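[1] can you look at this prediction? I've put the sequence above it.
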Amino acid sequence: MPDIIHTGPGRGPEPVATRRHQEHFFAEMDETGLGAVDAVDDSGAPSSLWSEAWHKLRRRPLFWVAAAIIALVVVVAAFPSLFTSQNPRFCELSNSLGGSAAGHPFGFDKQGCDIYSRVIYGARPSVIVGVLTTLAVLIIGTVMGAVAGFFGGWFDTILSRITDIFFAIPLTLAAIVIMQMFSQNRTSLTVVAVLASFGWTQIARITRGSVMSVKNNDYVTAAKSLGVSRISALTKHILPNAAAPIIVYATVALGTFIVAEATLSFLGIGLPPNVVSWGGDISIAQQSLRTRPEVLFYPAGALAITVLGFIMMGDAVRDALDPKVRTR
Amino acid sequence: MLRYIGRRILQVIPVFLGATLLIYFMVFALPGDPVAALGGERGLPEAVKEQIRQQYNLDEPFIVQYLLYLKGILTLDFGITFSGRDVFDVIKGALPVTFKLAVMALVFEAVFGVLVGLVAGLRRGRLFDATALVTSLFVIAVPTFVIGFVLQFFVGVQLGWLPTTAGSDPDFKSLLMPALVLGAVSFAYVIRLTRTSVSENLTADYVRTATAKGLSRGRVINVHVLRNSLIPVVTFLGADLGALMGGAIVTEGIFNINGVGGTLYRAVLQGENATVVSLTTVLVLIYIVANLVVDLLYAALDPRIRYA
């Protein structure tokens, strides 16, 4: 056992503990490496996940293409009359399956309606269903997943099983069964409700996993020890840091919900027939596929480009947020 | 391991019960009288309605109805349709075709999806990768029914390479095009999953170690990279079998295949509730079992999963 002399505070510059006959060297403050630490310039903006992602996004052409498509689709959906002066519901059978004419660039469908204006006016229901379903799914899924992941234990077990139950029933199938019951009085909102009530499970799973991986981080422990309540620890500290994968999935899901709506309309149980929609028009166009396939390609193309815009946006955001690809 | 198997099987039971209850609720308990719709415009006499209600236990409280139905399933007694056919016969007639179709689609997406995804992941950022990525985006963006019509029109009608429709007892050739269409979207997902997984694993430490100890590139990729990269892919494929069978409705409609999808769709439109409930139950069961098998397989292969 070496002798150790304990010295209390205020006893001069000696170190706290020292051994007898040992030489000591004290460096002046200026000679330590601490100066270099102090010299680091921290006046610039702090680099957060989001600001870095934005820096990377700006340089990706994929992002700008996707943003342009989405912007165009949203403007068309909001102000269809800016893009066409034709009435999509004005149809003359004498024009049935007619080719393009002045003022009717895409020609006419089987009922003699102007295809171009129907493609333009078909954007709105698709975008509305896609956006509203995604919002609903985000709310249900985030709450379920966050609560399950944050509280854990029995809560988690029960909520996870409920998620499994809804996940086990195929979306198209559930939608057909439920939509059939509203066959007389269905609206866009019915479609949204049906798609949302079976489409939230994936978001719940992603949120749960993300919250679980974040909730034991040091800054959450710090917030808790400062007396932050559990709820605000969850909403202010955990969720914002768990949001990245949720946002990426939701962007892609918006596209797939538009496809799901079109599929239901195509099967004749989606949007009501009086609504001009891409799915409905594709369904009608298949009857004249062999005589004039173009009739099908216009609404199908519009649908595909719209969905492509959202999927590409999701892809670009995912790459930008991925910490494995993050570079300084 | 046994503990894990036991726990995993126990987890399946509430999911099965919950899913069947949910389906049963959707079909029988939501607004709309299934019996009233049977008679059409004129309606059925009250006595006949009463008899049908009794036959299908519709006069019992909801939960009793459900339990009786559950008892029927467990004894393989699925009841009879309103038109008098045994539901079990209906299922037996529809299931094999759809199962064949779904398995063909699954094999197609697994083999080609992994192959394309692997090459794309190994050459990340090169021309092949970019092409595969753009193609997969397009396949996801274009709805299945459009892909179906376009293929049917060009490959079937214009070129005449493959039959345009499949009859009542379809062979491999006539199911080929429907299987491609059915598996198309999942094919795109498999490409993307494999690609991401492979290119992430390429930079992993164990791959560097394997290369450093002198293994050939082929061995490093086949044994180390591919094996580890396939974990998420196989999980996806396991879940996909059930999804393919349940999602075959559109494809079967386009190619006139007499499978689960077509039968189910007709049953929904005609209000044949017993058929709807039973077929959906079978689909859910297939989905659950496929997932269970994949999970157990993985627990056997990867110790990290069973101790997690």
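    Noted; the coordinates are in hand. Treat the numbers as computed from the prediction; the structure is a model and nothing was measured. Numbers count the residues shown, from 1 in each chain, chains lettered A, B, ... in the order given.
[2] tell me, how many residues neighbour residue A:111?
    For residue A:111, the neighbour count with other C-beta atoms under 10 Å in any protein chain shown is 14. Bear in mind the C-beta positions are built from the backbone N, C-alpha and C, glycine included.
[3] find the nearest non-adjacent residue to it, please.
    residue A:91 (4.6 Å; C-beta to C-beta, 6 or more residues apart in numbering or on different chains).
[4] can the longest helix seen in chain B be said to contact chain A?
    Ranked by number of residues, the top helix in chain B under DSSP state H is helix B:87-122. No. Using C-beta under 8 Å from any C-beta of the partner chain, helix B:87-122 never reaches chain A; the gap is at least 11.8 Å.
[5] what residues sit buried inside the very next helix or strand once past that helix?
    Next along the chain after helix B:87-122, taking DSSP states H and E as the criterion, comes helix B:127-141. Neighbour counts using 16 or more other C-beta atoms under 10 Å in any protein chain shown place B:129, B:132, B:133, B:136, B:137, B:139, B:140, B:141 of helix B:127-141 among the buried residues.
[6] most proximal residue of chain B with respect to chain A?
    For chain B, the nearest residue to chain A under the criterion C-beta to the nearest C-beta is residue B:246, separated by 2.9 Å.
[7] got the confidence number for that residue?
    For residue B:246, the pLDDT comes out at 78.
[8] burial check on it, number of neighbours?
    Count around residue B:246 with other C-beta under 10 Å applied: 26.
[9] buried set for the helix or strand where residue B:64 lies?
    Using DSSP H and E, residue B:64 sits within helix B:62-74. Within helix B:62-74, the residues that count as buried by 16+ other C-beta under 10 Å are B:65, B:66, B:69, B:70, B:72, B:73.
[10] contacting residues for residue A:205?
    Contacts of residue A:205 were listed using C-beta atoms under 8 Å, 6 or more residues apart in numbering or on different chains, and they are A:145, A:163, A:167.
[11] of these, which belong to helices?
    A:145, A:163, A:167.
[12] what about chain B: which of the residues you listed touch it?
    Okay, of the ones in helices among the contacts of residue A:205, nothing touches chain B (C-beta under 8 Å from any C-beta).
[13] so the residue nearest to residue A:111 sits right up against residue A:113, yeah?
    Yes. Between residue A:91 and residue A:113 a contact is recorded at 3.8 Å, counting by C-beta atoms under 8 Å.
[14] so between the two, which is more surrounded?
    Legend: neighbour count by other C-beta under 10 Å for residue A:91 and residue A:113, higher for residue A:113 (24 against 17).
[15] distance of that one from residue A:284?
    9 Å (C-beta to C-beta, to the nearest Å).
[16] how about residue A:315: what's its closest non-neighbour residue?
    residue A:62 is the one closest to residue A:315 (C-beta to C-beta, 6+ apart), at 6.7 Å.
[17] now do the SS call for the one you found.
    helix (DSSP: H, G, I helix; E, B strand; the rest coil).
[18] hang on, the earlier thing: which ones among the buried residues of helix B:62-74 also lie next to chain A?
    Near chain A, by the rule C-beta under 8 Å from any C-beta, you find none of the buried residues of helix B:62-74.
[19] what about chain B, any weak spots by pLDDT?
    B:29-43, B:56-59, B:82-84, B:167-169, B:303-308 (pLDDT under 70).
[20] which residue ranges form the helices in it?
    Under DSSP H, chain B gives helices at B:2-24, B:46-55, B:62-74, B:87-122, B:127-141, B:144-151, B:172-201, B:205-212, B:217-219, B:227-246, B:248-254, B:260-270, B:273-301, B:303-307.
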